[in-house]
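**Q** structure, please.
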Amino acid sequence: MNENKDRPDKRSSPRISEEVVVDVNIISYPFKEGSGEQGMLKDVAEGGLSFKSPIPYEPGTLLQLKIHLAGWQRHKKSYTRIIDDHVAVAPLTAIAKVVRCHLIPNTNNYEVGGKFVDIYEDDYQAMVKHLKDMLS
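**A** Next comes the predicted model:
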């Protein structure tokens, strides 16, 4: 679970720092809705994210994430984003695979890195547009 500080950054897209709530559920059978934890998003990119969590997750674990990223919905092509206030504030939902997890020094929290493995295509495209807007 250690991270090599000297390795070059191999990410193909920049990460955007954003501190918002992330609802985290381990994907297991039987699935228990609402039985997960809350974390705090550290950063997000087209391919994945990192977040702070009070509990560790083993690399390879699949997580259902609800990322409360404000404003991403305005990039959807759907008409419902205009007329439905609930949809306009809905979190971005994705499945991510844990790729790293380590204890944050001098805290009781872990930094968890995840790679997106399943996300609705139109949600993904809206998120990408949102992230590009945040960069400009």
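
**Q** what is the helix or strand where Leu41 lies packed up against?
**A** Assigned by DSSP states H and E, Leu41 belongs to strand 37-44. Counting contacts by 3 or more C-beta pairs under 8 Å, 6 or more residues apart in numbering; DSSP states H and E, strand 37-44 is packed against strand 16-17, strand 21-26, strand 48-53. Yep, even glycine has a C-beta here, placed from its N, CA and C like the rest.

**Q** which one of those has the most crowded surroundings?
**A** Counting by mean count of other C-beta atoms under 10 Å, strand 48-53 has the highest mean neighbour count of the helices and strands packed on strand 37-44, with a mean of 21.

**Q** touching it from outside, list them.
**A** 15, 22, 24, 37, 39-43, 65, 67, 96, 99, 104, 109-116 (C-beta atoms under 8 Å, 6 or more residues apart in numbering).

**Q** now for the following helix or strand past it, which elements pack on it?
**A** Moving toward the C-terminus from strand 48-53, the first helix or strand encountered (DSSP H and E) is strand 62-67. When contacts are defined as 3+ C-beta pairs under 8 Å, 6+ apart, strand 62-67 packs onto strand 21-26, strand 92-103, strand 110-118.

**Q** can I get those strands in a markdown table with distance to Lys76 and mean pLDDT?
**A** Listed next are these as a markdown table, based on distance: least, C-beta to C-beta, whole Å; pLDDT from 0 to 100:
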| stretch | distance to Lys76 | mean pLDDT |
| --- | --- | --- |
| strand 21-26 | 20 | 94 |
| strand 92-103 | 11 | 97 |
| strand 110-118 | 17 | 97 |
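
**Q** paired strands for the strand holding Leu41, with orientation please.
**A** strand 16-17 (antiparallel), strand 21-26 (antiparallel), strand 48-53 (antiparallel) (DSSP bridges).
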